[in-house]
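*Asks:* Fold the following.
(2 chains)
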Amino acid sequence: MDYARNPSPIPGRIRCPSQPLKPYNRSHMQPAPSTRIPDGFLAAMRLEGEKPHQGLPSRNPAPNPVREVCKFTVLLGMRGQAELNRAGSCCTGKERDAESGNEYFEARYYASSMGRFMSPDWSAKEEPVPYATMDDPQSLNLYAYVRNNPLTRVDADGHCAEDLCIGEGISAGAVGAYILGSATLVGAATYFNTPSGQRSWSTFTSATSESIHSQVQSVKDKVTSIFSSDKKPGTRGKPDHQATAAEEADKIGGKTEVRIPTPGGAKETRVGDAVATGADGKPTAVTQVIRPTPAGNIPLREQKAAQDIENATGVKPKLVPVRPLPQQ
Amino acid sequence: MGRQITFHMLQEDKEEFFRFLASRHDVFAAVWTSDSPDVVRCESPARETGTLAMWEQHPGTRYQRTKIMRDDGSVVYGFDRQHSVLEFSPSALVTHEGSPALLQGRLYSFLKDMGVETASLFRAGSQWIKRSFASCPYKLLGGYVGPAAMRWHRDGGVILPMFNPPATEAWEEFIKSQHQSQSVS
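*Replies:* Model (predicted):
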């Protein structure tokens, strides 16, 4: 393979947008001049097991910054190249802040240049060492990414890591339950199509159906609570965000969390954190609660959301930084 | 965040909705904002045009509105969103570019864990809406459309999101698609 002309030997290699694409010469571990190498020489380079000290590139990844980037993504095949080449997202699928070069993990910013989070981990409920478990010393490092084990753990929201095996187990269980449930429903539908089935159905009272529904709801709530709690609010918005949105809605006499259709925008709909409308139904005020970047700027995604909302409603949203919850 | 179900309903649909809730639950409804912190029960919630707070009445339930200081210095009293109450925002009839239009309303709970009684009320209301109303034919809006509102829409009325949108090209395209579907049906 022509490494001098194509420094990306693995098909579909993903390169972060901020990393420059440079040809390199392995013998010197530095960028090489873009000279053309004779074809016969290139044929020799395709052989497996060539010797790096002879000045030829090998299959063994060199400690070159271009090659080091995103290697876990390639190995795990977590996302397709097309998706990751999306502007603003990077190896972990998280959005990269163009200004600081850090990845936004919702709860915290991750500095890929340093391989650590910019701030210690935190939880909504005050704890001396959040998410620490005494059987894992790595959990005591509040700046580390997925307890320094990215091969078996993922970080969904910038808080403590989740074990991939547990996630897969739960997913497999859910899929299994779904298939079993579907099969049962098909069988039941066949039965109720018969006259005797319909007679038995008529005795099935609404009280019973409500009872079943409440039990299903209870199970659903329990499953939901596994993935969403006060510590890990996920996409619900953190408690301080919710409280600030409610205060802002009260101030403008509006509603919280209003889904705003944004035809022609970057997304089909956006959620206005606080929206007030006049007597004629026209929006009079929109407030978006934002979490500024460490540099104190407005994140790009919030700017895009505000632009979409402005185009759809004709009202420029007021951007309000999230306020900390009062100490209890 | 919380849970909600969105809908388009005319007065007829609204009366049916509250009739159903009253038949199953002891619903306490009060206007969301007022000049007074004291909460007074609204005897005919279907006739109210503003946002209502609703909850299942049971012993020990007693709410008071909290004081809200607006940016312009004015004071108003409203329900605390941390209370276990539902917000009922009715649909409103407006005009959009000279055409009669109906804004979307919602039944909403700010809290995800709203307590057993309020959750039961929310479930009853949302299930009734899903059962009695038709799904909104426009994906952009989502939610459900009551029978009376659907008849009104088929007769030429425009259905809109929770706000009256500006006359931009994208929205005009959406309104045009509604008129086209009306002429087909």
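*Asks:* Okay, now the unreliable bits of chain B?
*Replies:* Counting by pLDDT under 70, chain B contains low-confidence ranges at B:1, B:112, B:185.
*Asks:* To clarify, my last question referred to the stretch 201-328 of chain A.
*Replies:* For the stretch 201-328 of chain A, residues meeting the criterion pLDDT under 70 lie at A:201-236, A:327-328.
*Asks:* how about the residues of it near chain B?
*Replies:* A:213-214, A:217, A:236-237, A:242, A:246, A:249-253, A:255-261, A:263-264, A:268-269, A:275, A:277, A:280-283, A:311-314 (Cβ under 8 Å from any Cβ of the partner chain). All C-beta atoms are positioned from the backbone trio N, CA, C, and that covers glycine.
*Asks:* Show me just the buried residues among the residues you listed.
*Replies:* A:236-237, A:242, A:246, A:249-253, A:255-261, A:263, A:269, A:275, A:277, A:281-283, A:311-314 (16 or more other Cβ atoms under 10 Å in any protein chain shown).
*Asks:* how many neighbours does residue B:61 have?
*Replies:* Residue B:61 is flanked by 15 other residues according to other Cβ atoms under 10 Å in any protein chain shown.
*Asks:* now do the one 4 residues further on
*Replies:* With neighbours defined by other Cβ under 10 Å, the count for residue B:65 comes to 22.
*Asks:* Residue A:239 too?
*Replies:* That count, for residue A:239 with other Cβ under 10 Å as the rule, works out to 13.
*Asks:* Quickly note the distance from it to chain B.
*Replies:* Residue A:239 sits 10 Å away from chain B, going by Cβ to the nearest Cβ, to the nearest Å.
*Asks:* For that residue, grab phi and psi.
*Replies:* Backbone torsions of residue A:239, given as degrees, to the nearest 10, read phi -60, psi -40.
*Asks:* need the contact list for residue A:302.
*Replies:* Listed by Cβ atoms under 8 Å, 6 or more residues apart in numbering or on different chains, the contact set of residue A:302 reads A:288, A:290, A:319.
*Asks:* For whichever strand or helix holds the first one, enumerate the helices and strands it packs against.
*Replies:* Which is residue A:288. Per DSSP states H and E, residue A:288 falls inside strand A:283-290. Other helices and strands packing on strand A:283-290, by 3 or more Cβ pairs under 8 Å, 6 or more residues apart in numbering or on different chains; DSSP states H and E, are helix A:239-252, strand A:269-277, helix A:300-313, strand A:318-321.
*Asks:* what sits up against the last one?
*Replies:* Going back to what we said before, that points to strand A:318-321. Contacts with strand A:318-321, where a contact means Cβ under 8 Å, 6+ apart, come from A:244, A:248, A:285-292, A:298, A:302, A:306.
*Asks:* PyMOL command for the buried members of these?
*Replies:* Buried members of the contacts of strand A:318-321, defined by 16+ other Cβ under 10 Å, are picked up in PyMOL with:
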select buried, chain A and resi 244+248+285+286+287+288+289+290+291+302+306
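*Asks:* Let me have the contacts of strand A:318-321 in TSV, extended by distance to residue B:152.
*Replies:* Formatted as TSV, the contacts of strand A:318-321 follow (distance: Cβ to Cβ, whole Å):
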residue	distance to residue B:152
A:244	38
A:248	34
A:285	29
A:286	28
A:287	33
A:288	34
A:289	36
A:290	39
A:291	43
A:292	46
A:298	42
A:302	38
A:306	34
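*Asks:* quick one on the thing from earlier: how about JSON lines for the helices and strands packed on strand A:283-290, with distance to residue B:35 added?
*Replies:* Formatted as JSON lines, the helices and strands packed on strand A:283-290 follow (distance: least, Cβ to Cβ, whole Å):
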{"stretch": "helix A:239-252", "distance to residue B:35": "15"}
{"stretch": "strand A:269-277", "distance to residue B:35": "18"}
{"stretch": "helix A:300-313", "distance to residue B:35": "29"}
{"stretch": "strand A:318-321", "distance to residue B:35": "26"}
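*Asks:* so which of those gets nearest residue B:173?
*Replies:* Of all these, helix A:300-313 sits nearest to residue B:173, with 12.5 Å by Cβ to Cβ.
*Asks:* Kindly format the C-alpha coordinates of the closest one as PDB.
*Replies:* The C-alpha coordinates for helix A:300-313 follow below in PDB (Å, rounded to 0.1, in the frame of the first residue of the first chain):
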ATOM      1  CA  LEU A 300     -22.500  25.500  19.300                       C
ATOM      2  CA  ARG A 301     -25.500  23.100  19.600                       C
ATOM      3  CA  GLU A 302     -27.400  25.700  21.700                       C
ATOM      4  CA  GLN A 303     -26.700  28.400  19.100                       C
ATOM      5  CA  LYS A 304     -28.100  26.100  16.400                       C
ATOM      6  CA  ALA A 305     -31.100  25.300  18.400                       C
ATOM      7  CA  ALA A 306     -31.800  28.900  19.200                       C
ATOM      8  CA  GLN A 307     -31.400  29.800  15.500                       C
ATOM      9  CA  ASP A 308     -33.900  27.000  14.500                       C
ATOM     10  CA  ILE A 309     -36.400  28.300  17.100                       C
ATOM     11  CA  GLU A 310     -36.000  31.800  16.000                       C
ATOM     12  CA  ASN A 311     -36.700  30.800  12.400                       C
ATOM     13  CA  ALA A 312     -39.800  28.800  13.400                       C
ATOM     14  CA  THR A 313     -41.300  31.200  15.900                       C
END
